[in-house]
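Q: Generate coordinates for the sequence data below:
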Amino acid sequence: MAISHAASGELIDIRPLGAALRQTSSSTLVRASHLEVFRFVLPAGKVAPEHKAAGALTLQCLEGEVEFEAHGRSQILRAGNMVYLADAEPHVVRALVDASLLVTILLRRI
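A: Next comes the predicted model:
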């Protein structure tokens, strides 16, 4: 069964999940040849170990709070904060409390 993604021009709800956050899984919202947008749900205490994206990315905190490590430093992202990373920059994301993030990747296809 194919996973449904938003079509061009379709509205996408990215409001905070609130009480539904713990019961919601991460999901891809847009997938195109050079662009991917997904909601990344990370429960408190969970870690996305060091990894690299296949392109430049932005990470926007929609709700909650995460510790974000990149470029040899650690920063706290809270609702309303956004960070940009260059192509393939290694990073770690650790949820300090339940959090959801909007991740946009400008994909580098080889």
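Q: hey, where'd the strands end up in the protein?
A: Under the criterion DSSP state E, the chain contains strands at 27-32, 35-42, 47-51, 55-70, 73-78, 82-85, 91-107.
Q: who's the closest residue to residue 78 other than its chain neighbours bridged to?
A: Once flanking residues are discounted, residue 78 sits nearest to residue 65: 5.1 Å by Cβ to Cβ, 6 or more residues apart in numbering. C-betas here are computed from N, CA, C, even on glycine. Residue 65 has these beta-bridge partners by DSSP bridges: residue 78, residue 97.
Q: Do I have it right that residue 65 meets residue 76?
A: Yes. With contact defined as Cβ atoms under 8 Å, residue 65 reaches residue 76; the gap is 6.3 Å.
Q: which residues do those two both contact?
A: Contact criterion Cβ atoms under 8 Å, 6 or more residues apart in numbering; residues shared by residue 65 and residue 76: residue 96.
Q: These two - which one has more neighbours?
A: With neighbours defined as other Cβ atoms under 10 Å, residue 65 and residue 76 compare such that residue 65 has more, 17 against 11.
Q: tell me the contacts of the more buried one?
A: So residue 65 contacts 76-79, 95-97, 99 (Cβ under 8 Å, 6+ apart).
Q: From the residues you listed, keep the buried residues only.
A: Buried members of these, scored by 16 or more other Cβ atoms under 10 Å, are 77, 95, 99.
Q: ok, now how distant is the second one from residue 24?
A: By that I understand residue 95. Here residue 95 is placed at a distance of 14 Å from residue 24 (Cβ to Cβ, to the nearest Å).
Q: What of residue 71?
A: Applying Cβ to Cβ, the value for residue 71 to residue 24 is 30 Å.
Q: again with residue 5
A: 17 Å.
Q: the more surrounded of the two?
A: More crowded of residue 5 and residue 24, by other Cβ under 10 Å: residue 5, with 16 against 13.
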